[in-house]
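Participant: Show me the folded form of this:
(one chain, ligands or ions: 1)
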Amino acid sequence: EKKKKAQLLSCIQWIVCYPCVSNKVVSAGRGIFTLAVFNQGDFVVEYRGELIDAAEAEHRRKLYHNACSIFMFDFIWKRKTWCIDGALEDGSFGRLVNDEHKAPNCRMKLIEAEGKPHLCVFALKEITAGTEITYDYGGKEWPWRKEVGHLDFFPMNWCQGLKPIHLDILITMKSSLS
Ligand SMILES: C[S@@+](CC[C@H](N)C(=O)[O-])C[C@H]1O[C@@H](n2cnc3c(N)ncnc32)[C@H](O)[C@@H]1O
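Facilitator: A predicted model of the protein is given here:
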């Protein structure tokens, strides 16, 4: 168990954040690139933030600018909608991983640890050093997939009314990831 936890922590330190220039759309903003090799199935990074319920998430979406709402990750856990609010610039990397729906190298999974849900990114295949970490944000027609190019061109409030994401794999772990 200790070894597993140490591995998870060191994985996180292998990741570095650069302004994103490698994405097809230059204005993807920041992206997360790995400095080390990840193998298929490896834990890569956690999408960290504040765990809130659906009512609080709805309330915050009304208050937040789109640029903050985009960091609110809705998901279903124990038959209810929950949200990890990653709007705060807390220096964590998971919230900065960009979307890739055609050939993502990672996927998001829901992990339950010590009775709480955690959103964790796992490698779908071997990822070589220097590669941008990406996962598929899910079903929505995200504006950048239409290659619009910049957040300023996105319609107002397009973040509101997004459907929660069903993450189909649930792993239960005893120890916390933090
Ligand atoms: C959760 S944030 C990811 C981190 C973001 N790149 C940043 O710099 O803060 C989601 C935002 O990143 C941008 N983004 C994510 N994936 C993208 C992609 N494939 N192409 C263009 N922009 C993308 C969009 O502006 C989106 O609103």
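Participant: Please name the nearest non-neighbouring residue to Glu126.
Facilitator: Closest residue in space to Glu126, ignoring its immediate chain neighbours: Asn39 at 5.6 Å, by C-beta to C-beta, 6 or more residues apart in numbering. Quick note: C-beta positions are derived from backbone N, CA and C, even for glycine.
Participant: Leu88 too?
Facilitator: Gly49 (6.9 Å).
Participant: What values do phi and psi take at that neighbour?
Facilitator: phi 170, psi -170 (degrees, to the nearest 10).
Participant: shift numbering so it begins at 47
Facilitator: Understood, numbering begins at 47; the last thing we discussed is Gly95.
Participant: Next, count neighbours for the residue of the chain found nearest the ligand.
Facilitator: With C-beta to the nearest ligand atom as the measure, Gly75 is the residue of the chain nearest to the ligand, at 2.7 Å. Gly75 has 14 neighbouring residues, counting by other C-beta atoms under 10 Å.
Participant: Can you pull the phi and psi angles for it?
Facilitator: According to degrees, to the nearest 10, Gly75 has phi 80, psi -140.
Participant: In the one helix or strand Arg107 maps to, which residues are buried?
Facilitator: For Arg107, the element it lies in under DSSP states H and E is helix 100-109. Counting neighbours by 16 or more other C-beta atoms under 10 Å, one finds that the buried residues in helix 100-109 are 103-104, 106-107.
Participant: Among the residues you listed, which one lies nearest to Val167?
Facilitator: Closest approach to Val167 among these (C-beta to C-beta): Ala103, at 20.6 Å.
Participant: Write down the beta-bridge partners of the nearest residue to the closest one once chain neighbours are set aside, one by one.
Facilitator: Using C-beta to C-beta, 6+ apart and skipping the chain neighbours, the partner closest in space to Ala103 is Cys129 (3.8 Å). Applying DSSP bridges to Cys129 gives these bridge partners: Ile98, Asp120.
Participant: is it true that Cys129 touches Ile98?
Facilitator: Yes. The criterion here is C-beta atoms under 8 Å, and Cys129 meets it with Ile98 at 5.2 Å.
Participant: More neighbours: the two, which one.
Facilitator: Higher neighbour count among Cys129 and Ile98: Cys129, with 22 against 16, using other C-beta under 10 Å.
Participant: show me the contacts for that one.
Facilitator: Residues near Cys129 by C-beta atoms under 8 Å, 6 or more residues apart in numbering: 97-100, 102-103, 118-121, 210.
Participant: can you list those in TSV and add pLDDT and distance to the ligand?
Facilitator: Below are the contacts of Cys129 laid out as TSV (pLDDT from 0 to 100; distance: C-beta to the nearest ligand atom, whole Å):
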residue	pLDDT	distance to the ligand
Leu97	97	17
Ile98	98	16
Asp99	98	21
Ala100	97	19
Glu102	97	19
Ala103	96	15
Met118	96	9
Phe119	96	8
Asp120	95	13
Phe121	95	14
Pro210	58	16
